[in-house]
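Visitor: sequence first, then the predicted structure:
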Amino acid sequence: MKILAIGSSHLQNIATAYSHFKREKLFSFKSINLNDALYSGWLASREPIYKINSFTENNIRSNIDSFKPDALFLSVGGNEYFIHSAIKDPRNFDFCLPDQPDLEIAKGAEVLPYKLINTFAQNEIGGLYSAFKFLTEINTNVFSLGVPPPVKQDDFFYDNLGAELKAAARERGLSTPIQRYKMWRVCDEAHRLWCDSNGVSFIAPPFDTSDEDGFMRETYRGDAFHGSLQYSDKVLHQMHDAVSERISL
């Protein structure tokens with residue numbers, strides 16, 4: 001079995017786990033890390049639609065032609081929820097989830113309509129992933145990996161932010177854990193919707209990596225945003241199982 005994965009920082013962790021745990025027996029793995037200098041400026045435009053530059057698209061196509069993978073995996077989103085919920089926005093907003101209306105509202109926050117947040121998420125996430133829609137024309141086995149659940153513990157979260165975000169946190173304060181969870185949820189739902197609408201199979205985070213409230217369990221925390229190597233190893237097994245099931249049909 002051969003898998004080609006395309007993505008950024010979350011994929012870097014998965015590639016590291018593949019080597020660290022020596023998972024070659026699961027599948028042959030090749031990754032295209034969009035954070036690599038080779039792909040600098042890979043996101044050519046956002047407006048009016050998201051597009052990747054021609055070099056990146058041609059490079060991806062070339063890798064598919066040479067590697068001949070059984071399946072393609074995407075892990076290109078995730079920053080959307082984190083950027084908008086790690087630090088209190090200058091406007092300090094919050095919102096209600098329709099299926100969990102009793103979750104607390106952050107003190108002093110302006111409550112925005114869910115429809116507004118949902119539309120933002122669909123435009124941002126759906127737009128980004130649509131730039132990779134061409135993959136479904138090349139291979140019928142295209143999967144997309146869900147973003148790891150949010151971290152609940154504020155002290156760990158703050159300690160594991162980068163220097164720039166720490167400075168912003170000192171100035172404006174952290175968002176509450178519930179704000180992080182709600183933004184993660186709405187972005188996760190937008191991701192799932194895009195997959196369902198475009199013939200891509202969504203792979204949710206491993207179910208046992210989150211607690212009963214939907215937050216990342218301590219064992220699987222990497223930093224404020226990413227999963228640990230143990231988390232990534234679970235994802236590798238998910239990838240194996242998903243492709244095995246698909247190609248056996």
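Guide: Received the coordinates, thanks.
Visitor: go ahead and confirm Ser243 touches Ala5.
Guide: For the record, residue 243 is Val, not Ser. No. With contact defined as C-beta atoms under 8 Å, Val243 does not reach Ala5; the gap is 11.3 Å. Where C-beta positions appear, they are placed from N, C-alpha and C, glycine not excepted.
Visitor: let me know the outermost residue of this structure.
Guide: Gly108 (29.2 Å; C-alpha atoms, centre = their mean).
Visitor: tell me, how many residues neighbour Ile117?
Guide: Counted by other C-beta atoms under 10 Å, the residues lying close to Ile117 total 21.
Visitor: ok, it - contacts?
Guide: Phe95, Met183, Val186 (C-beta atoms under 8 Å, 6 or more residues apart in numbering).
Visitor: go again using 10 Å as the cut-off
Guide: His84, Phe93, Asp94, Phe95, Cys96, Leu97, Lys182, Met183, Val186, Cys187, Ala190 (C-beta atoms under 10 Å, 6 or more residues apart in numbering).
Visitor: what do you get for Cys195?
Guide: Counting by C-beta under 10 Å, 6+ apart, Cys195 has contacts Leu74, Gly126, Tyr129, Val142, Phe143, Ser144, Gly146, Ser201, Phe202, Ile203.
Visitor: buried residues in the host helix or strand of it, which are they?
Guide: Element membership of Cys195, judged by DSSP states H and E, is helix 177-197. For helix 177-197, the neighbour count (16 or more other C-beta atoms under 10 Å) marks 177-195 as buried.
Visitor: stretch 12-28 now?
Guide: Gln12, Asn13, Ile14, Ala15, Ala17, Tyr18, Arg23, Leu26, Phe27.
Visitor: between those residues, which is closest to Tyr39?
Guide: Nearest to Tyr39 among the buried residues of stretch 12-28 is Gln12, at 12.9 Å by C-beta to C-beta.
Visitor: what bridges to Leu4?
Guide: On the basis of DSSP bridges, Leu4 takes part in beta bridges with Lys30, Leu72.
Visitor: can you get me a residue count around it?
Guide: 22.
Visitor: which other helices and strands does the worst-scoring helix or strand of the chain on mean pLDDT contact?
Guide: Least confident element among the helices and strands of the chain, by mean pLDDT, DSSP states H and E: helix 79-83 (a mean of 86). For helix 79-83, the elements it packs on are helix 114-121, helix 177-197, judged by 3 or more C-beta pairs under 10 Å, 6 or more residues apart in numbering; DSSP states H and E.
Visitor: who does the helix or strand following that helix pair with, and is each partner parallel or antiparallel?
Guide: As assigned by DSSP H and E, the chain's next helix or strand after helix 79-83 is strand 93-94. Strand 93-94 has its sheet partners listed here by DSSP bridges as strand 110-111 (parallel).
Visitor: alright, calling it a day.
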